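J.: just to be clear, the model below is a prediction. Sequence and coordinates:
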Amino acid sequence: MKVLQVITKGETGGAQSHVRTLCAALGRQGVAVQAAIGGAGPTSPLGRDLEALGLHVHGIPLLDNGLRPLRFLQATRDLLRIVRTESPDLLHAHSAMAGVAARLAGALSGVPVVYTVHGFAFKAGNSWPRRTVAWTTEALLAPLTRRMVCVSEHERALAGSLPLPRRRLHTVVNGVDDIAAPSDAMAWKRESTAIAMVARMAPPKRHDLLLQALARLRDTAGRDCSVSLLGDGPERPAHEALAARLGLQSSVHFTGDVADVPARLARHGIFVLMSDHEGLPISLIEAMRAGMAIVASDLPGVRELLPGPEHALLVPADPEALAAALRQLAESPVLRARLGAAARQRYERHYTAERMGSAVRGIYAAALRHSRSSIA
């Protein structure tokens, strides 16, 4: 089985991390995988990672998130050329613009397309014009989608509004490779109140809520926690300015994009992820793998990962509520240890890379059981 993975951009992010992990897992399971990446392509962070895995990586320089029809049609033409040259059995698209280009290229070449949705743009939280355009686009492309994969049951429920037969809808939760820390590191972590947040500094992430909560925690409880913000993005200058206004320069560290996220998480005891909306956040799965005590936004995808108060503290988009949760964890090593152990256990049972790879491989097999001229 030969599969071409297609993604809009190769920057650091959740969808890119998913593709990297999926490609490695599929390779271990005997699938021949190549990738086509928009923008910088082979020289992007994802492109370099995939080439290090031994994959052939194609670049599509004109593929991006911009709404420029001529440029997009040229990018689709370039993808079609790759498909006709490489003759994959299947295209597997990730992210919105790659999803459009891949389904058009698949229709023109007769190659079936699997599309993984990492978060629908027509969900609540986005503007009505954006939601309308996103839903209409997906509805028009539904006949060209051999299988649609959602990363959470919440996303699958949203997909139910599309004119797509239910038998072509699947849920495959994200997974990450296991690199469990030694027991002595886990023991040290349970004593640590250092906080980490791993997220791109752009919507829908809410680093501002964490910064405001840290200031409240300092002012009301006298606690000045050490915090690492791992990631970069267009809102970083605004977040750095807010941290300065709140007097948090000495305790909050902006690391930018880093390659050693697991090693850095091993030096922190508490993980925070605040967002306006989410699919099934990979950064939370990485924190679960690390056995960290987690505080996160109370959102549908997050509740699927961490369904009860025995697994994590889920809070509304409110600095005061977040500060209260952080104070609970900072003052209770027992609670930190209990939540960290529960999160790690859920990772081991549900969110490994091998489980994800096996599920996706099964979907590929189902898609290929039908002739290329038919739609299952």
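T.: Structure received. Numbers count the residues shown, from 1 in each chain.

J.: could you chop this protein up by domain?
T.: 2-176+353-368, 183-350 (automatic domain parsing).

J.: just the strands in this structure please.
T.: Taking DSSP state E, the strands of the chain run over residues 2-7, 32-38, 56-60, 90-94, 113-117, 147-150, 169-171, 195-198, 227-230, 252-256, 270-273, 293-297, 313-315.

J.: partners of the second one in the sheet?
T.: Sheet pairing here is set by DSSP bridges, and for strand 32-38 it gives strand 2-7 (parallel), strand 56-60 (parallel).

J.: quick one: contacts of it?
T.: 1-10, 19, 23, 26-27, 44, 46-47, 50, 55-64, 75, 79, 82, 86, 88, 97-98 (Cβ atoms under 8 Å, 6 or more residues apart in numbering). (Glycine included, C-beta is placed from N, CA and C.)

J.: could you redo the last one with a cut-off of 6 Å?
T.: 2-10, 23, 26-27, 44, 47, 50, 55-58, 60, 63-64, 82 (Cβ atoms under 6 Å, 6 or more residues apart in numbering).

J.: now could you export just the CA positions of it as CSV?
T.: This file holds the C-alpha atoms of strand 32-38, laid out as CSV (Å, rounded to 0.1, in the frame of the first residue of the first chain):
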residue,chain,number,x,y,z
ALA,A,32,4.9,2.9,2.0
VAL,A,33,4.5,6.6,2.8
GLN,A,34,5.4,9.8,1.0
ALA,A,35,4.5,13.4,1.9
ALA,A,36,3.6,16.6,0.0
ILE,A,37,3.9,19.7,2.1
GLY,A,38,2.9,23.3,1.1
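
J.: what residues sit buried inside that strand?
T.: 33-38 (16 or more other Cβ atoms under 10 Å).

J.: make a markdown table from these and add distance to residue 357 and pLDDT to it.
T.: As requested, the buried residues of strand 32-38 are exported to a markdown table (distance: Cβ to Cβ, whole Å; pLDDT from 0 to 100):
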| residue | distance to residue 357 | pLDDT |
| --- | --- | --- |
| 33 | 11 | 99 |
| 34 | 16 | 99 |
| 35 | 15 | 99 |
| 36 | 20 | 99 |
| 37 | 20 | 98 |
| 38 | 24 | 97 |
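
J.: would you reformat those as CSV and include distance to residue 106?
T.: As requested, these are exported to CSV (distance: Cβ to Cβ, whole Å):
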residue, distance to residue 106
33, 17
34, 15
35, 16
36, 12
37, 17
38, 16
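
J.: among the residues you listed, which one sits closest to residue 149?
T.: Nearest to residue 149 among these: residue 33, at 15.7 Å, using Cβ to Cβ.

J.: now do that closest one against residue 55, distance only.
T.: Distance, residue 33 to residue 55, using Cβ to Cβ, to the nearest Å: 6 Å.

J.: counting neighbours, what do you get for residue 259?
T.: Residue 259: 11 surrounding residues under other Cβ atoms under 10 Å.

J.: contact partners for it?
T.: Contacts of residue 259 by Cβ under 6 Å, 6+ apart: none found.

J.: relative to residue 45, how far out is it?
T.: Applying Cβ to Cβ to residue 259 and residue 45 gives a distance of 8 Å.

J.: cool, residue 160 as well?
T.: Relative to residue 45, and taking Cβ to Cβ, residue 160 is found at 34 Å.

J.: okay, those two: which has more neighbours?
T.: For residue 160 and residue 45, the more surrounded residue by other Cβ under 10 Å is residue 45, and the numbers stand at 18 against 10.

J.: I figured that one was touching residue 12, is that so?
T.: Yes: using Cβ atoms under 6 Å, residue 45 is in contact with residue 12, at 5.3 Å.

J.: the helices in the stretch 151-300 of the chain, which residues?
T.: 153-159, 183-190, 207-221, 236-245, 261-265, 282-289, 300-305 (DSSP state H, counting those that start in this stretch).

J.: deepest in the core, which of those helices is it.
T.: With neighbours defined as mean count of other Cβ atoms under 10 Å, the helices of the stretch 151-300 of the chain peak in mean count at helix 282-289, which reaches a mean of 26.

J.: and it, what does it pack against?
T.: strand 270-273, helix 333-350 (3 or more Cβ pairs under 6 Å, 6 or more residues apart in numbering; DSSP states H and E).

J.: got the CA coordinates for the first one in PDB?
T.: Looking back up the chat, that one is strand 270-273. Extracted C-alpha coordinates of strand 270-273, given in PDB (Å, rounded to 0.1, in the frame of the first residue of the first chain):
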ATOM      1  CA  ILE A 270       1.900  21.200  35.900                       C
ATOM      2  CA  PHE A 271       0.700  21.600  32.300                       C
ATOM      3  CA  VAL A 272      -1.800  24.300  31.200                       C
ATOM      4  CA  LEU A 273      -3.700  24.600  27.900                       C
END
